[in-house]
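# predicted model, plus sequence, below.
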Amino acid sequence: MKVGMIGHHYPSAEHREEFVARVEAVAAEFRRAPGCLSATCWLTDDAVVSIVEWESEAAFTASLGAVQAADVDLAYDEREVRPREIIRLVAP
């Protein structure tokens, strides 16, 4: 069963370019993990959106651990103007 995640991140205008680079670095780490099918970064007028898809729940869990252990900036702090919205998906 495939698993997905969509994250909406809301950086302040002065940190938007930096935040895009952060999300792209995290996406690259996800893509290195076994079982990750895709990891991409998209933009809306007010958000940086990350979309990741895995082949299974086990791959999802393993890649989250790998990304958390990697040297990437995952911090939620004053660079964001509102809380992140993370939606987890499961394919039927």
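Noted; the coordinates are in hand. Numbering: from 1, shown residues only.
# please enumerate the helices of the protein.
Assigned by DSSP state H, the chain shows helices spanning 16-32, 57-69.
# so which other helices or strands are in contact with the first one?
Taking 3 or more CB pairs under 8 Å, 6 or more residues apart in numbering; DSSP states H and E as the contact definition, the neighbouring helices and strands of helix 16-32 are strand 3-11, strand 36-43, strand 48-54, helix 57-69. The way it works is simple: take the backbone N, C-alpha and C, and place the C-beta from them, glycine included.
# my guess is residue 18 contacts residue 24. True?
No: using CB atoms under 8 Å as the test, residue 18 is too far from residue 24 to be in contact (10.9 Å).
# before we move on, the earlier item: can I get the helices and strands packed on helix 16-32 in CSV including mean pLDDT, mean neighbour count and distance to residue 87?
Formatted as CSV, those follow (pLDDT from 0 to 100; neighbours: other CB atoms under 10 Å; distance: least, CB to CB, whole Å):
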stretch, mean pLDDT, mean neighbour count, distance to residue 87
strand 3-11, 97, 18, 5
strand 36-43, 97, 16, 14
strand 48-54, 98, 21, 10
helix 57-69, 92, 15, 13
